[in-house]
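Trainee: Model the structure of this input:
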Amino acid sequence: MTVLILAGTGDARRLAQFCADHAIAACASLAGATRQPKQLAVPTYHGGFGGGDGFRAFLRRHEIRAVLDATHPFARQITQRSYDLTREMGLPYVRFERPAWQPGPGDRWISLRDETLAAPHILPGAVVFLATGRQSLPKFANLAHAQLICRQIDPPQRAFPWPNGDYLIGRPPFSVTNEEALFRRLNVDVLVVKNAGGAASRTKLDAARTLGLKVLMIERPPCTANPCLAERSLAEAWLMQWAL
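Mentor: Below is the predicted model of the structure:
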């Protein structure tokens, strides 16, 4: 009885470790968005499945009997496909998704449905720190009036797409102190971030609060998979039914 963990988050890494610690036969899959991801505690397949047919074939070939989806909260296409295919094949499925961040006293957040809506909230000449990843970069093509800094984990394979921006390479985790120092050094005016949730990646928001920076928060799309768990202890309890 093998459980497949759809990984790509710190929570997925911890759930894989939980399986290894509790004799739960499991494997994991990484889509390959990061070139040198941290190693997981269970056998891991890299590079994605090649669409729905490839995923269906993978599940059969590896005799997967249950799927735990712990991908990024914004990886909705992967989640929907996984949910639909597991229902089609009659496989147990659960989605784990950490809670979204909520603003607190001192936060200057503006909620946006999509990255393309950021432009009206950014003044001409503003320094904008994009913490949304390189895949969403094309959505900021309408920010020619600002200076853009896009942080990503891997060195870029090509130049920044526009003359008003550049890449900044950095691999998490980032401390609040380091984020504050970075934002000061770069003279950041606006932080743009996806509402991924989680304590580890919240440090940039804590730094922005201290510095009084405007934060454009891209809200996550609703989760349509079911069940969708928000506490890791519940995901661990679900995994325990597959223990040897």
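
Trainee: Do a quick rundown of the helices in this structure.
Mentor: 10-21, 51-61, 76-89, 176-186, 203-211, 232-240 (DSSP state H).

Trainee: wait, isn't H22 in contact with M240?
Mentor: Yes - contact criterion Cβ atoms under 8 Å: H22 and M240 qualify, at 6.6 Å. C-beta here means a position set from N, CA and C on the backbone, and glycine is covered the same way.

Trainee: between the helices of the chain, which one is nearest to H121?
Mentor: Of all those, helix 203-211 sits nearest to H121, with 14.1 Å by Cβ to Cβ.

Trainee: Which elements pack onto the closest one?
Mentor: helix 176-186, strand 190-194 (3 or more Cβ pairs under 8 Å, 6 or more residues apart in numbering; DSSP states H and E).

Trainee: So for the longest one, what gets flagged as buried?
Mentor: To tie it back to what came earlier, the one meant is helix 176-186. Neighbour counts over helix 176-186 (16 or more other Cβ atoms under 10 Å) mark V176, E179, E180, L182, F183 as buried.

Trainee: Also the shortest one?
Mentor: Neighbour-count burial for strand 190-194, counted by 16+ other Cβ under 10 Å, picks out V190, L191, V192, V193, K194.

Trainee: distance between it and the chain's centre?
Mentor: Relative to its chain's centre, strand 190-194 lies at 14 Å (Cα atoms, centre = their mean, to the nearest Å).

Trainee: in its sheet, what does it sit against?
Mentor: strand 127-131 (parallel), strand 214-218 (parallel) (DSSP bridges).

Trainee: so it versus helix 203-211, what angle?
Mentor: Strand 190-194 and helix 203-211 are oriented at 150 degrees to each other (axes from the mean of the first three to the mean of the last three Cα atoms, to 10 degrees).

Trainee: Please list the outside residues in contact with strand 190-194.
Mentor: Defining contact as Cβ atoms under 8 Å, 6 or more residues apart in numbering, one finds that strand 190-194 is touched by 73-74, 115, 118, 121-122, 126-133, 136, 140, 146, 183, 204-205, 208, 213-218, 220.

Trainee: In PyMOL, select just the buried ones from those.
Mentor: Buried subset of the contacts of strand 190-194, written as a PyMOL selection, criterion 16+ other Cβ under 10 Å:
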select buried, resi 73+74+115+118+122+126+128+129+130+131+132+133+136+140+146+183+204+205+208+213+214+215+216+217+218+220
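
Trainee: out of the helices and strands packed on helix 203-211, which comes closest to Q157?
Mentor: strand 190-194 (22.2 Å).

Trainee: Just the CA trace of that closest one, in CSV.
Mentor: Taking Å, rounded to 0.1, in the frame of the first residue of the first chain, the C-alpha atoms of strand 190-194 are listed here in CSV:
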residue,chain,number,x,y,z
VAL,A,190,6.1,48.0,-2.3
LEU,A,191,6.2,44.3,-1.6
VAL,A,192,4.1,42.0,-3.8
VAL,A,193,3.5,38.5,-2.5
LYS,A,194,1.2,35.5,-2.9
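
Trainee: so who does the residue positioned nearest the centre of the chain touch?
Mentor: The residue lying closest to the centre of the chain (Cα atoms, centre = their mean) is H72, at 3.6 Å. By Cβ under 8 Å, 6+ apart, the residues touching H72 are G8, T9, A196.

Trainee: Pull the contacting residues for the residue lying closest to the last one once chain neighbours are set aside.
Mentor: In other words, A196. Closest residue to A196 apart from its sequence neighbours, by Cβ to Cβ, 6 or more residues apart in numbering: P73 at 5.5 Å. By Cβ under 8 Å, 6+ apart, the residues touching P73 are E97, R98, A100, K194, N195, A196, G197, R220, C223.
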